[in-house]
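> what would the 3D arrangement of this be:
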Amino acid sequence: MPRELPLNRTRNIGIMAHIDAGKTTLTERILFYTGKTHKMGEVHEGTAEMDWMVQEKERGITITAAATTCYWKNAIINIIDTPGHVDFTIEVERSLRVLDSAIAVFDGVAGVEPQSETVWRQADHYHIPRICFVNKMDRIGADFGRCLDMIRKKLSATPLVLQVPLGVEENHRGVIDIITMKGYVWSDDLGLEIQEVEIPDEYAGIAAQYRESLLEAVAEHDEAIMHKYLEGIAPDVQEIQSAIREITARVAVFPVLCGSALRNKGVQPLLDAIVDYLPSPRDIKPVEGHSPKKPEEILRREASDKEPFCGLVFKLMSDPYVGKLSFMRVYSGHVKTGDQVFNVTAGKRERIQRVLRMHANDREDIKEVYTGDIVAVVGLRSARTGDTLAEENHPILLEKMEFPDPVISIAIEPKTKADQDKLTAALDRLEEEDPTFHVNADSESGQTLISGMGELHLEIIVDRLMREFNIQANVGKPQVTYKETISRPVEFEYRYEKQIGGRDQFGHVLIRLEPGKPGSGFIFKNGLVSGEIPDLYLKDIEAGLTDAMQAGVIAGYKMDDVTATLIGGSYNENASEETAYRIAAGIALKEGARRAGPALMEPIMKLEVVCPDDYTGDIINDINSRRGRIERIDIRGGLKVIDALVPLSEVFGYATSVRSMSQGRATHTLQVSHYEIVPKEVTDKIIGRITGVL
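Below is the predicted model:
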């Protein structure tokens, strides 16, 4: 089957934003105007096509990233609608990993919100071109200029204004296109009738200023436009658009458009901008990886159907009708149903039984996929999130995906013995789907602990267990997932000498432990200068240290932010064994950590509260009582915005408290910021609770 459209007519985009900025509403409009659907779904009515899970429809939020495909102006657009709630930020992370560009949606009233910053940084990490869409220009308090200022200051980004709103709040009726210097007005409720109008006199001055700024910004990055600009020659529309496309693909600027998705205004020009300004797979750098046998050998795959096949599994999902779905982005080559591929990460052959093009949870069978496609595959038994698929004769291993550690846990147990096996199987399945969801057994109590990124994350997991898997379970109260670290450097030597099964075992290491930078994790360094220990054993020493980091010396929590340097040791030609060095390294780390000022670390949450001025004092006092630190207080649209850092252990159930303090008029967002060492007096209380002393 031949390719449907040329590769340069493919756009792979994500829709990303803070919760309630209008991502899913915008996606629903895109699907309607492109003819993918014949009726607009509404989030608040539970009819949105992309929010297909029962839990999404009930709560009116996006929980899982949903993929779909639509067509506009002879281009194929693969879209992933991502969640805005911080608990499900991994869905954004793994989606951005495989996308070529994104639409960043901002609330016209709130502007850049906490999760807006988070997803923007995630997109920065993958160097993804973006278009900004300032939504909700019809809302009371909408301020386009303030949103632009927040993009500049909070995101350190350069907005390139292509549109300004034609009227705001109840007077919002359309947009002014700064490139064509025309106004566009939507005159019907469905947003299908667009009228081109001359720019009203009261907007002529502001439009001229924005056009001057646009030409200056483009000229800074494009020599041809620069020459015309300096000579006083006005470049034509096509020249400006071509230059904008090039500098957007370089992530030098971020085009800004505006409208109101809920009122069906501004969506068609956004679709035009997706096709005109965002890159195709051909416009971005070739994907890089390395040889599985020679990690130092860098390999590249051009975005071409003629290259050897290479794809990345970025998401797993269990489908009740077809089984395990592996979502895959094809970076090069092509593959069809029935083909055998090689899972380079797992080192196993796999057969592709079916290939599906997804529309949320609806499926369409297709026979063959090409470079740039995003599809779901049935039949990959060994696949995990982040695995690379390739031709066995042309293997390449793409960059691994990194996932944050869970910060909150709850105990869960089945209500009946019959549910025990069902619970274990269900948790295994959910853990396979979601890399930020972990299941552990408490060795002392025998309880099953499930861990996730927040209270809502675990609430959804438990709800799915009961509904999808029909399991009744008792759930404990939320517990913080602490970490352990060290506070001072120390050196520790350990010599392991034993005879096992009549065979001598010898391993001898000298390790220096040092506190690492916050967020640095575990770092192993080889500091040997004279080769006291053969290189053959270095991997085992590192493995022993890594194993020991999994359980600390204070309360058994995972250790983090520690740098371990191998600075000495010895080797016995007749008795040295890999296992012995692994054991010696693990014991050296444990014993050294006990002497290095071990400390407990707790997750610190970034808290933003938006409230009327009347309640500011009570909310600040409450934050202080929770060991919180006020970072700053701003004013946004007549409301006070309080930014603070608060320990996670102090904000369980905070939604109820803030509603009570403000008579329901305050809103808040919480997201994980970083880990900090717990004060000594609080540490004693925590350890007392864990050990049952208190």
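
> please identify the buried residues of stretch 479-487?
479-486 (16 or more other CB atoms under 10 Å). All C-beta spots, glycine's among them, are computed from the backbone N, C-alpha and C.

> could you export those as TSV, including secondary structure and pLDDT?
Converted to TSV, those look like this (DSSP: H, G, I helix; E, B strand; the rest coil; pLDDT from 0 to 100):
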residue	secondary structure	pLDDT
Gln479	strand	84
Val480	strand	86
Thr481	coil	86
Tyr482	coil	90
Lys483	strand	92
Glu484	strand	93
Thr485	strand	95
Ile486	strand	94
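
> okay if I get those as TSV plus distance to Ile199?
What follows is the buried residues of stretch 479-487, written out as TSV (distance: CB to CB, whole Å):
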residue	distance to Ile199
Gln479	59
Val480	56
Thr481	56
Tyr482	59
Lys483	57
Glu484	63
Thr485	60
Ile486	64
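
> that's a strand at Glu350, yeah?
Yes: assessed with DSSP: H, G, I helix; E, B strand; the rest coil, Glu350 lies in a strand.

> do you know how far it is from Ser382?
Per CB to CB, to the nearest Å, Glu350 is found 7 Å from Ser382.

> so for these two, which residues contact both of them?
Asn343 (CB atoms under 8 Å, 6 or more residues apart in numbering).

> the more surrounded of these two?
Between Glu350 and Ser382, counted using other CB atoms under 10 Å, Glu350 has the larger neighbour count: 20 against 13.

> any idea of the pLDDT on that one?
For Glu350, the model assigns a pLDDT of 91.

> can you pull the contacts of it?
340-343, 379-383, 389.

> helix or strand: which one has Ile623?
For Ile623, the host element (DSSP states H and E) is helix 616-625.

> and the contacts of that helix?
If you take CB under 8 Å, 6+ apart as the criterion, helix 616-625 is touched by 607, 609, 611, 630, 633, 640, 642, 644, 646, 657-658, 661-662, 666.

> now do it, average pLDDT.
Helix 616-625 comes out at a mean pLDDT of 93.

> in three-state terms, label the nearest residue to Leu427 once chain neighbours are set aside for me.
Residue nearest to Leu427 in three dimensions, not counting chain neighbours: Val439, with 4.7 Å by CB to CB, 6 or more residues apart in numbering. For Val439, the assignment made with three-state DSSP gives strand.

> show me the contacts for the nearest residue to Gly552 once chain neighbours are set aside.
Counting by CB to CB, 6+ apart, Gly552 lies nearest to Glu484, which is 3.1 Å off, once chain neighbours are set aside. Contacts of Glu484 were listed using CB under 8 Å, 6+ apart, and they are 552-555, 557-560, 593, 598-601.

> beta partners for Glu484?
Met559, Leu600 (DSSP bridges).

> still on that earlier bit, isn't the residue nearest to Leu427 right up against Asp428?
Yes: Val439 lies in contact with Asp428 (CB atoms under 8 Å); the separation is 7.4 Å.

> pLDDT weak spots in the protein?
By pLDDT under 70, the low-scoring segments of the chain are 1-2, 38-63, 84-86, 361, 442-446, 689-694.

> can you tell me the centre-most residue of it?
Glu93 (2.3 Å; CA atoms, centre = their mean).

> so where does that residue fall, helix or strand?
Per DSSP H and E: helix 89-98 holds Glu93.

> helices or strands next to the next helix-or-strand element following that helix in the packing?
Note on helix 89-98: by DSSP H and E, the next helix or strand toward the C-terminus is strand 101-107. Packing partners of strand 101-107 (3 or more CB pairs under 8 Å, 6 or more residues apart in numbering; DSSP states H and E): strand 10-17, helix 23-33, helix 114-125, strand 130-135, helix 144-155, helix 267-277.

> quickly run through the sheet partners of the one helix or strand Val355 maps to, with directions.
Val355 is part of strand 354-359, with elements assigned from DSSP H and E. When sheet partners are counted by DSSP bridges, strand 354-359 sits next to strand 362-366 (antiparallel), strand 374-378 (antiparallel).

> what angle do helix 23-33 and it make with each other?
Put simply, strand 354-359 runs at 100 degrees to helix 23-33, going by axes from the mean of the first three to the mean of the last three CA atoms, to 10 degrees.

> what about strand 354-359, distance to the chain center?
Distance of strand 354-359 from the chain centroid (CA atoms, centre = their mean, to the nearest Å) equals 23 Å.

> just the strands in the stretch 351-500 of the chain please.
354-359, 362-366, 368-369, 374-378, 388-390, 397-398, 408-414, 438-441, 448-452, 473-475, 479-480, 483-486, 490-500 (DSSP state E, counting those that start in this stretch).

> list the helices and strands the next helix-or-strand element following the longest one packs on?
As assigned by DSSP H and E, the chain's next helix or strand after strand 490-500 is strand 503-515. In terms of contacts (3+ CB pairs under 8 Å, 6+ apart), strand 503-515 is packed against strand 483-486, strand 490-500, strand 562-570, helix 578-594.

> between strand 503-515 and helix 578-594, how many degrees?
Here strand 503-515 runs at 30 degrees with respect to helix 578-594, directions being taken by the same axes, to 10 degrees.

> chain center to strand 503-515, what's the gap?
On CA atoms, centre = their mean, the centre of strand 503-515 falls 38 Å from that of its chain.

> picking that back up, return the member of the buried residues of stretch 479-487 nearest to Ile686.
Distance to Ile686 across those (CB to CB) is lowest for Tyr482, with 7.0 Å.

> how about the closest one, phi and psi?
Reported as degrees, to the nearest 10, the phi and psi values for Tyr482 are phi -80, psi 170.

> give me every residue that touches it.
Here Tyr482 is in contact with 555, 557, 600-603, 678, 686 (CB under 8 Å, 6+ apart).
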